[in-house]
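1. Okay, predicted coordinates and the sequence, questions at the end:
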Amino acid sequence: AQTVTQSQPEMSVQEAETVTLSCTYDTSESDYYLFWYKQPPSRQMILVIRQEAYKQQNATENRFSVNFQKAAKSFSLKISDSQLGDAAMYFCAYRINRDDKIIFGKGTRLHILP
Amino acid sequence: DGGITQSPKYLFRKEGQNVTLSCEQNLNHDAMYWYRQDPGQGLRLIYYSQIVNDFQKGDIAEGYSVSREKKESFPLTVTSAQKNPTAFYLCASSILGTGGAEAFFGQGTRLTVV
């Protein structure tokens, strides 16, 4: 079965600090992409960052970066200099290139403490 | 403006009635998806489609049906066979075949069955 596991249902971080959200996945596919999405209280899904599975270099988007460990099937998200606007649900997902299926995890709710 | 439109935003139905959720996109995307979101369950894939007149079951297709008669439209019918239909439903679309293309989401429909 293809699954995505986010083991932290909720996390809190002090404003301006750094936080890491964990994600592991299970697939027998070799050609896929990984994503982190953010869902604020408006419930609109917003792409945060993506990672190509065949690239070893970790993706970075401003304050957001990932730690991609392909052998371990791990894909964690690091948020640096946390801001109040970062408070949201964060979902890890992967897309199988063979059939365009996109699978999501259960999410981590991130609280930012002022 | 290009985007994905889900309607209505809120929907109330009596138990035992079928109900259809609308999803329209003007992004010229080939792939379209339906997800169900419940608290603590993340996004679960119901159905997805890569081309007109074709679609595949996701992980929780029982009690749901879809059609893809036009590229722009992917309506979801929640049938009376769905045991617990009250949930938040998200529609998404994406480019096909380029690998790693992100999914763009609509605003969602909150369905309440009473």
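-> Right, received. Where do you want to start? Numbers count the residues shown, from 1 in each chain, chains lettered A, B, ... in the order given.
2. and chain A, which residues reach chain B?
-> Contact residues, chain A versus chain B (Cβ under 8 Å from any Cβ of the partner chain): A:4, A:6, A:9, A:31, A:33, A:35, A:43-45, A:47, A:50, A:52, A:91, A:93, A:95, A:97, A:99-107. In this view, the C-beta of every residue, glycine as well, is placed from N, C-alpha and C.
3. What subset of the residues you listed is buried?
-> Neighbour-count burial (16 or more other Cβ atoms under 10 Å in any protein chain shown) applied to these gives A:4, A:6, A:33, A:35, A:45, A:50, A:52, A:91, A:93, A:95, A:97, A:100-107.
4. In which helix or strand does residue A:93 reside?
-> Here residue A:93, judged by DSSP states H and E, is contained in strand A:88-96.
5. picking up where we left off before, filter the buried ones among the residues of chain A next to chain B down to the ones in strands?
-> Those of these mapping onto strands are A:4, A:33, A:35, A:50, A:52, A:91, A:93, A:95, A:102-104, per DSSP state E.
6. give me the beta-bridge partners of the most centrally placed residue in chain B?
-> Nearest to the geometric centre of chain B sits residue B:34, at 2.8 Å (Cα atoms, centre = their mean). Following DSSP bridges, residue B:34 is listed with bridge partners residue B:47, residue B:91.
7. got a list of what it touches?
-> B:21, B:23, B:45-48, B:58, B:64, B:66, B:74, B:76, B:89-92 (Cβ atoms under 8 Å, 6 or more residues apart in numbering or on different chains).
8. Quick check: which ranges of the chain have low pLDDT?
-> Unless you meant another one, I'm taking chain A. The model of chain A has pLDDT under 70 over residues A:1.
9. not what I meant, chain B
-> B:1, B:97-100.
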